[in-house]
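Asker: need the 3D shape of this:
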Amino acid sequence: MKAMIVRECGPLENLKLETVADPIARDNQVIIDIKACSVNFADSLMVDGSYQVKPPLPFSPGVEVAGIISEVGSKVSGWTVGDKVQALTNWGGFAEKVAVDTETLCALPENMSYADAAAFVVAYGTSHVALDYRARVKKGDWLVVNGAGGGVGLTAVEIGNMLGARVIAAASTDEKLAIAKTKGAEFTINYTTENLRDKIKEYTGGRGADVVYDPVGGDIFRQTFRAMAPEGRMLVIGFASGDIPQVPANHLLVKNIELIGFYWGAYREFKPEVLQNSTKQLFDWYKEGRITPHISGTFPLDQTVDAIRALRNRTSSGKVIVTMS
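Answerer: Numbering: from 1, shown residues only. So this is what the prediction gives:
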């Protein structure tokens with residue numbers, strides 16, 4: 001099979017198309033013929049060796065795939081060749097085939113495309129569990145979403161709106177903010193041309209943000225933190241800017257602010273039922289037509305480096321997908 005392979009961690013150029021042996025299914029695994037694989041920020045970090053999970057070399061990145069089961073292991077039940085599925089892999093998704101444990105599989109709704117399926121679970125799951133389970137967003141809350149034009153940011157706008165929050169979307173371009181408006185943002189802030197703290201205070205009538213969803217970090221995090229309402233909840237989702245901010249603990253104390261760390265993948269190990277319940281709810285909403293991934297670009301397998309670069313450089317909006325021939 002063809003696969004994008006990393007043999008030495010480093011720059012993205014170390015990720016190269018190779019012909020490698022097909023995967024072999026163990027007893028409780030299936031082989032998926034991959035049709036689409038989502039690009040996530042973790043893929044870039046895996047290539048350069050800075051991700052918290054470090055696959056053994058050589059490896060192919062790619063953690064979120066959709067395709068057709070082509071082989072089942074000897075102890076597999078409930079799944080058959082020809083089933084259309086979505087799956088989470090630890091890595092290995094930028095390839096024509098992958099072996100996965102059956103516990104990671106989800107059957108695709110009939111109305112779901114492979115591209116939508118690959119773009120779905122991590123981005124929507126991150127926003128749904130973070131906002132509903134961790135930050136306890138309720139109707140009428142002022143929710144500020146930083147990086148609102150990105151893959152998780154757009155889903156946070158969409159999920160926040162569904163939970164009844166009044167959503168303020170913040171992003172780096174007017175084009176990204178226009179997309180956020182279509183997903184339910186009530187107000188928008190272009191933080192390259194407007195003062196983020198001042199605009200949040202203006203839109204909320206001086207109150208500030210009840211909840212902040214921040215996958216950006218850096219100065220965007222710091223500005224938003226200064227615009228929190230009393231008893232506000234700030235979700236730390238990631239650091240796309242590359243700058244991990246430090247938090248003044250006295251500000252947490254004075255305004256009774258909650259700083260909430262959130263890593264979606266951790267729940268797969270210590271509380272899987274949280275993700276299972278979330279995933280069921282999200283697929284139900286998709287089948288009802290209430291949520292739909294925004295995919296701004298698709299790339300063939302041999303252009304995976306360009307796909308990752310588009311995400312890393314934040315030139316894309318929503319999700320970026322790699323498709324297999």
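
Asker: SS state for Gly297?
Answerer: strand (DSSP: H, G, I helix; E, B strand; the rest coil).

Asker: show me what contacts it?
Answerer: Neighbouring residues of Gly297 by C-beta atoms under 8 Å, 6 or more residues apart in numbering: Ala307, Ala310, Ser316, Val320, Ile321. Where you see a C-beta, it was placed from the backbone N, CA and C, and this is true even at glycine.

Asker: let's see it at 6 Å
Answerer: Shown in contact with Gly297 (C-beta atoms under 6 Å, 6 or more residues apart in numbering): Ser316, Val320.

Asker: can you check the one 10 residues further on too?
Answerer: With C-beta under 6 Å, 6+ apart as the criterion, the residues that contact Ala307 are Val39, Phe299, Val320, Val322.

Asker: just put the residues you listed in JSON lines and tack on pLDDT and neighbour count.
Answerer: As requested, the contacts of Ala307 are exported to JSON lines (pLDDT from 0 to 100; neighbours: other C-beta atoms under 10 Å):
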{"residue": "Val39", "pLDDT": "95", "neighbour count": "31"}
{"residue": "Phe299", "pLDDT": "97", "neighbour count": "17"}
{"residue": "Val320", "pLDDT": "95", "neighbour count": "25"}
{"residue": "Val322", "pLDDT": "98", "neighbour count": "29"}
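
Asker: redo those as CSV? Include distance to Leu45.
Answerer: Formatted as CSV, the contacts of Ala307 follow (distance: C-beta to C-beta, whole Å):
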residue, distance to Leu45
Val39, 12
Phe299, 19
Val320, 15
Val322, 17
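
Asker: and the lowest mean pLDDT element among the helices and strands of this structure?
Answerer: Scoring the helices and strands of the chain by mean pLDDT, DSSP states H and E places helix 267-270 at the bottom, with a mean of 87.

Asker: what sits up against that one?
Answerer: Against helix 267-270 from outside (C-beta under 6 Å, 6+ apart): Val274, Leu275.

Asker: hmm, try it at 10 Å
Answerer: Helix 267-270 is contacted from outside by Leu88, Asn90, Glu103, Thr104, Gly125, Val129, Tyr133, Glu273, Val274, Leu275, Gln276, Ser278, using C-beta atoms under 10 Å, 6 or more residues apart in numbering.

Asker: so who does Phe225 touch?
Answerer: Counting by C-beta under 10 Å, 6+ apart, Phe225 has contacts 197, 209, 212, 214, 232, 234, 245, 247-248, 251-252, 255, 257, 259.

Asker: wait, I meant Thr193
Answerer: Ser172, Thr173, Asp174.

Asker: helix, strand, or coil at it?
Answerer: Thr193 ends up coil, using three-state DSSP.

Asker: for Trp91, see how far away it is.
Answerer: 39 Å (C-beta to C-beta, to the nearest Å).

Asker: go on, Glu103?
Answerer: Remark: distance between Glu103 and Trp91 (C-beta to C-beta) = 17 Å.

Asker: same deal with Lys199?
Answerer: Counting by C-beta to C-beta, the gap from Lys199 to Trp91 is 40 Å.

Asker: which residues of the stretch 101-250 of the chain fall in strands?
Answerer: Under the criterion DSSP state E, counting those that start in this stretch, strands of the stretch 101-250 of the chain are mapped to 105-107, 142-145, 166-171, 187-190, 209-214, 228-236.

Asker: buried deepest among these, which one?
Answerer: strand 142-145 (a mean of 30; mean count of other C-beta atoms under 10 Å).

Asker: for the record, mean pLDDT for that strand?
Answerer: Across strand 142-145, pLDDT averages out at 98.

Asker: rewinding a little: now render the contacts of Thr193 as JSON lines, adding pLDDT, distance to Gln303 and neighbour count.
Answerer: What follows is the contacts of Thr193, written out as JSON lines (pLDDT from 0 to 100; distance: C-beta to C-beta, whole Å; neighbours: other C-beta atoms under 10 Å):
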{"residue": "Ser172", "pLDDT": "92", "distance to Gln303": "24", "neighbour count": "19"}
{"residue": "Thr173", "pLDDT": "93", "distance to Gln303": "23", "neighbour count": "15"}
{"residue": "Asp174", "pLDDT": "94", "distance to Gln303": "28", "neighbour count": "12"}
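
Asker: just put these in TSV and tack on distance to Ile68.
Answerer: Formatted as TSV, the contacts of Thr193 follow (distance: C-beta to C-beta, whole Å):
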residue	distance to Ile68
Ser172	38
Thr173	37
Asp174	40
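
Asker: ok, the residues you listed vs Lys84, which is closest?
Answerer: Thr173 (35.4 Å; C-beta to C-beta).

Asker: correct me if wrong: that closest one contacts Arg314.
Answerer: Yes. With contact defined as C-beta atoms under 10 Å, Thr173 reaches Arg314; the gap is 9.1 Å.

Asker: quickly list what's touching both of these two.
Answerer: Joint contacts of Thr173 and Arg314 (C-beta under 10 Å, 6+ apart) are Gly149.
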